[in-house]
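Trainee: Predicted model follows, preceded by the sequence.
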Amino acid sequence: MKNYFLEITEASIEFPTPKGPFKALDKINLGIDQGEFVSLIGHSGCGKSTVLNIVAGLYQATEGGVILEGKEVNEPGPERAVVFQNHSLLPWLTSYQNVELAVKQVFKGSKTKAEMKDWIEHNLTLVHMEHAMHKRPDEISGGMKQRVGIARALAMQPKVLLMDEPFGALDALTRAHLQDSVMEIQNKLGNTVIMITHDVDEAVLLSDRIVMMTNGPAATIGEILSIDLERPRNRLSLADDPQYNHYRSEVLRFLNEKQRKVESFEEAKNKSEKTSTSSKVA
Amino acid sequence: MSIAAVLKQPLKPLLTIYDEGITRDQISNFLKALGLPIIGLLIFLFLWQQASNSIVTSLGNFPGPSEVATQFKNLVAEHKEERIKNEKKYDRQRIRNEKKLANDPNAEITWREYKSRVTFFDQIGTSLFTVLCGFIVATIIAIPVGIIIGLSANTYAAINPIIQTLKPVSPLAWLPLVTMVVSAVYVSDDPAVSKSFLVSMITVSLCCLWPTMINTAVGVAGVSKDLNNVSQVLRLGWMTHVRKIVIPFAIPMIFTGMRLSIGIAWMVLIAAEMLAQNPGLGKFVWDEFQNGSSNSLGRIMVAILVIGLLGFLLDRLMLTIQQWVSWDKSAIVR
């Protein structure tokens, strides 16, 4: 039995709804090593965010659980920092103050004021936001807000960095820049990352492993693909790489086939309905 | 925005004209912005004068613009006269005392304070002071209660029926009760504040605390789930969460409530003063009405216009504070 850094064991979750309990996830099993970059990919509504929220501690799994470094996870905490899809910056604080809020909370007592200031500026420089440190969220663009969100998460020195479709709301060019930034940071700091994404290219480019989830409800892990591309990865040179393209097509095939399987079942149902109605008319 | 930035706002258009010159569009916009209200005002004054000529009451014609202007001048003159009279009284007293001391250096001298007659402008001061006191008391009660019921859905469910029942009650209905309670509880030989002031102030508070309370509760309850998630991940303590996330988030709504409250407070004040006889604008209107001289209607009309103008200025003041405080740039505050 290998001891993983972060382990999700038989995690299922059921939400109570007026129509009865809704099973969103069914027996998720996943082990992640320290320093690994794992992407979670799947169709909309398959429960990827739910998995992330369970690891973050914002939801409680109704069955099974999550273990981080041998300790059970049942509440949110700064050691599992989250980068939200909607940056979630406090709109009345500047970028610096937003990161400061996290730093003060996590390092109160262990860092001096001067050390905190240096640490905050270091993290903002890491995401290339040192020039806009004292601007408020309504004065900076979407990409910049996401950078500040990432800086805030990194400033907590988390054991695991959880990113929930961090670049989903951004345009392609900004996304490319931020992907490069994330790779750069990952290279420097070697942190463990779980990232949810819709973008196949992004998943193959950034991750060490891609976890592909089946469609909801009662979604589970379909396939796990290991990406054995050398780091540091350059998107331009990889565009022609046959290995890269092979991985891409693997992921696309999984996403398409699962979709097609569901459609064919529905097609069969429709066929049987049509014949029954036509017989009624006759 | 900083204070300097707020103060520079009105000057911006002038500075732009200085830098870039003025365009035909800008001139026409400026004329429209200034000219249309002036035209409206002139038409209104004309219709008012016509109406006042045709409405005849037992106390004379309904006061028209010219009558109002005359009465306003009278009130200003009366105020100045009263101040001069008072000065003279104090001068005479000083001279008397000096003479006494000149005759007999050891003589006992007394210094009497003269109570001058209350003038129109004194009454304006009293009204403003009373409304601000009532408003501040209401705010001190409404904001903490609003925060508590906004944070706890159970407390909200428990208290909401009471709020909804007390909110629509007219100040005139509160007055008898408030008067009786103040008379019974506030017994003192040398009162620092008069009973009528307390009655007016308490009535104003009772009626104007509801908008602030309700808006605070709505603001506090509306903290987005994302911000709550951030607070959970950071493991902020309850007090820190309220202080650093909930309250700053709710501040625009709180100030919206306060702006509504000051409007209601001003309206309630005039009615409360009339019945409680607090020496403010309400009492002025009431006294003029009881007086029944040929000037009365004109003077009442002056009071009405002054009340309207002061209400407008109070609202604008709250609006400026609200704009300064609001971090939500997407919300239009005007």
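Mentor: Sure thing, it's come through. Everything quoted here is computed from the prediction, not taken from an experiment. Numbers count the residues shown, from 1 in each chain, chains lettered A, B, ... in the order given.

Trainee: Domain ranges for chain A, per the record?
Mentor: Split into domains by automatic domain parsing, chain A comes to A:6-79+A:159-281, A:90-157.

Trainee: which residue ranges form the helices in the stretch 51-200 of chain B?
Mentor: Secondary structure of the stretch 51-200 of chain B, counting by DSSP state H, counting those that start in this stretch: helices at B:65-103, B:120-151, B:153-166, B:171-185, B:195-221.

Trainee: An error on my part: the question was meant for the stretch 51-200 of chain A.
Mentor: Using DSSP H, counting those that start in this stretch, helices in the stretch 51-200 of chain A cover A:95-107, A:113-126, A:142-155, A:172-189, A:200-206.

Trainee: The fourth one: which residues count as buried?
Mentor: Using 16 or more other CB atoms under 10 Å in any protein chain shown as the burial criterion, the residues of helix A:172-189 that qualify are A:174-176, A:178-183, A:185-186. For every residue, glycine as well, the C-beta is placed using N, CA and C.

Trainee: Just give me how far it sits from the chain centre.
Mentor: Its chain's average C-alpha position is 14 Å from that of helix A:172-189, according to CA atoms, centre = their mean, to the nearest Å.

Trainee: what's the angle from that helix to helix A:113-126?
Mentor: 130 degrees (axes from the mean of the first three to the mean of the last three CA atoms, to 10 degrees).

Trainee: before we move on, back to that, between the helices of the stretch 51-200 of chain A, which gets nearest to A:V83?
Mentor: Among the helices of the stretch 51-200 of chain A, the nearest to A:V83 by CB to CB is helix A:142-155 (4.8 Å).

Trainee: give me the low-pLDDT residue ranges for the chain?
Mentor: As the question left the chain open, I've gone with chain A. Low-confidence segments of chain A (pLDDT under 70): A:1-2, A:258-282.

Trainee: sorry, should have said chain B
Mentor: Chain B contains residues with pLDDT under 70 at B:1-2, B:6, B:188-191, B:329-333.

Trainee: Outline the domain layout of it.
Mentor: B:3-54, B:120-325.

Trainee: mind putting those in TSV, mean neighbour count included?
Mentor: Shown next, in TSV, are those (neighbours: other CB atoms under 10 Å in any protein chain shown):
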stretch	mean neighbour count
domain B:3-54	11
domain B:120-325	18
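
Trainee: Can you check which of these gets nearest to chain A?
Mentor: With CB to the nearest CB, the closest approach to chain A among those belongs to domain B:120-325: 4.1 Å.

Trainee: Now do the end-to-end distance for that closest one.
Mentor: 35 Å (CA to CA, to the nearest Å).

Trainee: if we can go back for a sec, tell me the two of the buried residues of helix A:172-189 that are most distant?
Mentor: Taking CB to CB, the two most distant members of these are A:T174 and A:Q186; they sit 18.4 Å apart.

Trainee: which non-adjacent residue is nearest B:E288?
Mentor: Of all residues not flanking B:E288 in the chain, B:S296 sits nearest, at 4.5 Å (CB to CB, 6 or more residues apart in numbering or on different chains).

Trainee: The one you found is in contact with B:T57, isn't it?
Mentor: No. Counting by CB atoms under 8 Å, B:S296 stays clear of B:T57, with 10.1 Å between them.

Trainee: circling back to that earlier point, export the domains of chain A to JSON lines and tack on distance to chain B?
Mentor: JSON lines is the format used below for those (distance: least, CB to the nearest CB, whole Å):
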{"stretch": "domain A:6-79+A:159-281", "distance to chain B": "4"}
{"stretch": "domain A:90-157", "distance to chain B": "4"}
